[in-house]
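# Build me a structure from this.
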Amino acid sequence: MRMRLRGWLALLALLVAAAPAQQAPESHFHHLHLNATDPAAALSFYPSKFDCERARFAGSQDAIWAQKSWLLFNKVSAPPPAEIVSAIWHFGWGAEDMKVAYQKQLDAGTRFDTPITELGPTFFFAYVLGPDGALIELNSARHHHFGHLHLLSADAVSAGEWYIRHFGARWASGKPPTRQPRFLRGFQVGPGASLMMDNVNIIIYPVEYARQRFKEQWKDRTAFATSSGRVVDHVAFSFADLNQAVKRFRQEGVKVVSKPRKIPKTKARSAFIEGPDNILIELVEGHPAKQ
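Next comes the predicted model:
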């Protein structure tokens, strides 16, 4: 009897060892949350410049709907910090013909932080200066939709692995990136990471890029500032079951900043966690949908 029991226990151990690792619950890119001194002006700005529309988040909060995700705005009394010292660098839209798109923006009176710049024979980019100093990239793409979020990290590859493990993001190329340093026009852009989450490309550059490109802002700085309170305050991902998601994050050692609670002026709930490089991340219950 003991021999049979030991045999069953050994078989059970083998089955457990062979079982695949538990996958993260389904999650989606939900929104970017910006701080704005004049939310009404911001709500008018984005649809006038980019492919997006004004809508009501959770049926009650004025917001911007951009294809599959939201831009939400929090009113602040003073201009929020916009220096590039947090993990959130910028976000952006695509343009099938950048030269044409850029000229249309100029004709419409759009202010640019960086004019149209060529990186290759078919790739151009420019940075729009948005409300409260928000940096918004326009770049060559096969579409003109809200297309990417660009982050910075002390370890971009590990940060990419973190988003894959906890939110189900995937490598944009289908395979992990190399950890070899890479330079573009004298600036270090690798080791980096490029992920896809729904229709949003999450790009992560190494902190060395920020130290080289934004020297004065990074003078004497040793770590990333929190994104909380800055012009782009945080990024949000959604889960069908918020309580279960928060429980899982706690079990996996992720810092939970605030427990689930109702989002003001809505029936929706959310919680906050701290992600890599001091980035604030909101977990929203219920997947993004235009109301």
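
# how about the helices in the stretch 51-200 of the chain?
Along the stretch 51-200 of the chain, the segments classed as helices by DSSP state H, counting those that start in this stretch run 98-107, 156-167.

# element containing residue 40, please.
Using DSSP states H and E, the element containing residue 40 is helix 39-49.

# So, low pLDDT: which residues of the stretch 1-150 of the chain?
Low-confidence segments of the stretch 1-150 of the chain, defined by pLDDT under 70: 1-24.

# these two touch, right, residue 196 and residue 173?
No. With contact defined as C-beta atoms under 8 Å, residue 196 and residue 173 do not form a contacting pair (9.6 Å). Quick note: C-beta positions are derived from backbone N, CA and C, even for glycine.

# Those two - which one has more neighbours?
Shown here are residue 196 and residue 173; by other C-beta atoms under 10 Å, residue 196 has more neighbours (16 against 10).

# Can you give me every residue that contacts the more buried one?
Going by C-beta atoms under 8 Å, 6 or more residues apart in numbering, residue 196 touches 169-172, 202.

# same thing but at 7 Å, please
169-170, 172 (C-beta atoms under 7 Å, 6 or more residues apart in numbering).

# Compare the residues you listed and tell me which has the most neighbours.
Going by other C-beta under 10 Å, residue 169 tops those with 23 neighbours.

# which residues touch that one?
Counting by C-beta under 7 Å, 6+ apart, residue 169 touches 163, 195-197, 202.

# any idea which of these is closest to residue 119?
Using C-beta to C-beta, residue 202 comes nearest to residue 119 of the contacts of residue 169, at 19.4 Å.

# tell me which element the closest one is part of?
When secondary structure is defined by DSSP H and E, residue 202 falls within strand 200-206.

# With just CA atoms, put that strand into CSV.
Output in CSV follows, covering the C-alpha atoms of strand 200-206 (Å, rounded to 0.1, in the frame of the first residue of the first chain):
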residue,chain,number,x,y,z
VAL,A,200,-0.7,50.1,-29.0
ASN,A,201,3.1,49.7,-29.4
ILE,A,202,4.9,50.2,-26.1
ILE,A,203,8.5,51.1,-26.9
ILE,A,204,11.1,51.3,-24.1
TYR,A,205,14.5,53.0,-24.5
PRO,A,206,17.3,52.7,-22.0
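
# Could you pull out the buried residues of the helix or strand following it?
Past strand 200-206, further along toward the C-terminus, the next helix or strand under DSSP H and E is helix 207-213. Within helix 207-213, the residues that count as buried by 16 or more other C-beta atoms under 10 Å are 207-211, 213.

# for stretch 35-55, same thing?
If you call a residue buried by 16+ other C-beta under 10 Å, then stretch 35-55 has these buried ones: 35-36, 39, 42-43, 45-46, 49-52, 55.

# How far does that stretch stretch from one end to the other?
18 Å (C-alpha to C-alpha, to the nearest Å).

# re earlier: what's the mean pLDDT across the strand holding residue 202?
Computed over strand 200-206, the mean pLDDT rounds to 98.

# who touches that strand?
Residues from elsewhere that reach strand 200-206 (C-beta under 7 Å, 6+ apart): 29, 69, 147-153, 156, 159-160, 163, 169, 172, 188-195.

# next one: stretch 85-97
32, 50-51, 101, 127, 135-153, 217-218, 221, 224-227, 230, 232, 277-279.

# about what we covered before: and the buried residues of stretch 35-55 as CSV, adding distance to residue 113?
Putting those into CSV (distance: C-beta to C-beta, whole Å) gives the following:
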residue, distance to residue 113
35, 18
36, 17
39, 21
42, 17
43, 21
45, 15
46, 16
49, 14
50, 15
51, 20
52, 20
55, 27
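
# Relative to residue 250, which of the residues you listed is nearest.
Residue 250 lies nearest to residue 35 out of the buried residues of stretch 35-55, by C-beta to C-beta, at 27.7 Å.

# Which of the three states applies to that closest one?
Using DSSP: H, G, I helix; E, B strand; the rest coil, the structure places residue 35 in strand.

# so it touches residue 79, yeah?
No. Contact criterion C-beta atoms under 7 Å: residue 35 and residue 79 do not qualify, at 8.8 Å.

# Please identify every residue contacting each of these two.
Residues touching both residue 35 and residue 79 (C-beta under 7 Å, 6+ apart) are residue 132.
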